[in-house]
Every structure is written in structure tokens, then in C-alpha cells.
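In: Here is my input, please return the structure:
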Amino acid sequence: MIKWAIVTGGSRGIGRAICRKLAEETPYKLLINYHSNHAAAEETLAEVKALGGDGEVIKFDVADKHSTLNALESWQKDHPDAIMEVVVNNAGITRDGLFMWMNSNDWNEVIQTSLNGFYHVTNFFIQGLLRNKYGRIVNITSVSGLKGTAGQVNYSAAKGAIVAATKALAQEVAKRNITVNAVAPGFIRSDMTGELNEAELKKLIPLGRFGEAEEVAELVNFLVSKKSSYITGEIININGGIYS
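Out: The predicted structure follows:
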């Protein structure tokens, strides 16, 4: 039997950093999910292999239930010996704007990707985790989901819901040796923050800088390891002190 870890949105940014770290530090084969950028996903896989790891890329939109189920069912059929032990729900998008001008598409797309994406992927694998009586689920939320951020009512709502879902699911599955935790990054240097005014925003951060995707990956790596076996239902901030 081969043990696997899936990372949604694994082709770039924080997701890619998580894939690299898991390749370095864990025995898992990696299932690297991407939505549209096949070249970026293949780059991530090449980096994983260069670090001594192994894995595959898989294309589906976590926001789309049928796309997700079709892709995962097909993958599972092709890998009858696979045991999925780790689920990292990283995929997310932003559609920022003041709520008074926010259209329904911008609201729904963010909710569908961050919140429903968590449901679609985790629900697919949860019965297998329960049968095997072991698992690690790590959800990437955000400082916006904890304190709320003006101009991000949709994103704050989606990530805040992930916080609550993490705490609730952790209680349901703990007896089967499955932990469920969330990581809440602040300003992390990545594609998603590329257009922000870093020089001005870092003045708000006690540590005086943006974080690096690799720093988030280190925390995720700890949470998927056996070293974190007594931690569940927790939301761990990684934000340079901007909010705690």
C-alpha cells in the first residue's frame, strides 16, 4: 500500500511550498491539484522529484463538485493500493471589493472555492481516513477569517467558515486518530499578494516584513507529522504578530 498526501492549489505560491516541504520531510507521494495552469503544476512536480519525492498532478476545480468527484474517482480507480492519509486544503481565490458594490459572482466564486472546495475534497476522502483510523487534515484559512478585512467580506466569510468547520470536524473524527487543524497566514509573499503595497503594509506588522511561503509550509509539515498527534481543532496564526 502506498501512502499519499493531496495538496489542493498545489501548483503555485503557498501550495507549491507545501509540496516541496512534504517532499523533503515526509514519505508521502504527493497528489498535486491544479485548476488551469498545467505548466506550473508540472514545475511543482519536477521540484518535488528533484527533492527526492514523488507524485502526480491532477486537474480539477475544487469549486465544482462534479469536476472534483470525477477526477478523484478516476484517480482512485487507477490507484487501488493508494491510502490517502493527508489532506491539505489550500486552494483559494480572492475577488476583493467593497461589499456595497460586490456582485453575486464575486461572492459565490470565493465561497465556492474556499469553503465548498474544502467540503468537496475532504468529504471525498473522509470515509477512507475513518476506516484506516489515521489521518491529517490541514486547512489553509487566513487572518481575514479571524479578524475580518475591509474589502474582503466574501473572503473573510469563506475563511471564517473554514475556521468553524475545522473546529467542528476535529471533534467528529478525533476518536479515529484523525486530526483537523487550520493555519491562518497573514501577509505572505506570493502571487496572491503580489499587487499589494508591501512597503506600506509591512509597517503594520510587528515583525516588520511579509512572511515567506516556506515558513507556512514548515508549519503545515509539522501539523501533518506524528509530532503533532495531540493537536487538533486548532487555528494557528502565522502573521508576524499583526493579529493574534
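In: Buried residues in stretch 32-44, which are they?
Out: Ile32, Asn33, Tyr34, His35, Ala40, Ala41, Thr44 (16 or more other Cβ atoms under 10 Å). Where you see a C-beta, it was placed from the backbone N, CA and C, and this is true even at glycine.
In: Out of those residues, which is nearest to Val180?
Out: The nearest member of these to Val180, counting by Cβ to Cβ, is Asn33 at 18.8 Å.
In: okay, the residue lying closest to that closest one once chain neighbours are set aside: pLDDT?
Out: Computed as Cβ to Cβ, 6 or more residues apart in numbering, the closest residue to Asn33 that is not its neighbour in sequence is Thr8, at 4.4 Å. Among the per-residue scores, Thr8 holds a pLDDT of 98.
In: got the contact list for Thr8?
Out: Taking Cβ atoms under 8 Å, 6 or more residues apart in numbering as the criterion, Thr8 is in contact with Gly15, Asn33, Val62, Val88, Asn89, Asn90, Ala91, Gly117, Val121.
In: Just give me the closest of those residues to Ile231.
Out: Distances from Ile231 to the contacts of Thr8, taken by Cβ to Cβ, are shortest for Val88, at 15.4 Å.
In: May I have the residues that are in contact with the closest one?
Out: Val88 touches Ala5, Ile6, Val7, Thr8, Gly10, Gly15, Ile18, Val138, Ile140, Val220, Val224, counting by Cβ under 8 Å, 6+ apart.
In: Adding distance to Leu72 and secondary structure, write those residues out as JSON lines.
Out: Below are the contacts of Val88 laid out as JSON lines (distance: Cβ to Cβ, whole Å; DSSP: H, G, I helix; E, B strand; the rest coil):
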{"residue": "Ala5", "distance to Leu72": "14", "secondary structure": "strand"}
{"residue": "Ile6", "distance to Leu72": "9", "secondary structure": "strand"}
{"residue": "Val7", "distance to Leu72": "14", "secondary structure": "strand"}
{"residue": "Thr8", "distance to Leu72": "11", "secondary structure": "coil"}
{"residue": "Gly10", "distance to Leu72": "14", "secondary structure": "coil"}
{"residue": "Gly15", "distance to Leu72": "17", "secondary structure": "helix"}
{"residue": "Ile18", "distance to Leu72": "19", "secondary structure": "helix"}
{"residue": "Val138", "distance to Leu72": "18", "secondary structure": "strand"}
{"residue": "Ile140", "distance to Leu72": "19", "secondary structure": "strand"}
{"residue": "Val220", "distance to Leu72": "21", "secondary structure": "helix"}
{"residue": "Val224", "distance to Leu72": "19", "secondary structure": "helix"}
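In: which one among the residues you listed gets closest to Asn132?
Out: Distances from Asn132 to the contacts of Val88, taken by Cβ to Cβ, are shortest for Ala5, at 13.7 Å.
In: How are the helices of this protein distributed by residue range?
Out: 13-25, 38-50, 65-78, 104-111, 117-132, 144-147, 153-173, 198-201, 213-224 (DSSP state H).
In: deepest of those helices, which one?
Out: A comparison of the helices of the chain by mean neighbour count, using mean count of other Cβ atoms under 10 Å, puts helix 13-25 on top with a mean of 24.
In: Packing partners of that helix?
Out: With contacts defined as 3 or more Cβ pairs under 8 Å, 6 or more residues apart in numbering; DSSP states H and E, the packing partners of helix 13-25 are strand 2-7, strand 29-34, helix 38-50, strand 82-89, helix 213-224.
In: To Leu207, which of the helices of the chain lies closest?
Out: When the helices of the chain are ranked by distance to Leu207, counting by Cβ to Cβ, first place goes to helix 213-224 at 10.8 Å.
In: That closest one to strand 82-89, inter-axis angle?
Out: Helix 213-224 runs at 130 degrees relative to strand 82-89, counting by axes from the mean of the first three to the mean of the last three Cα atoms, to 10 degrees.
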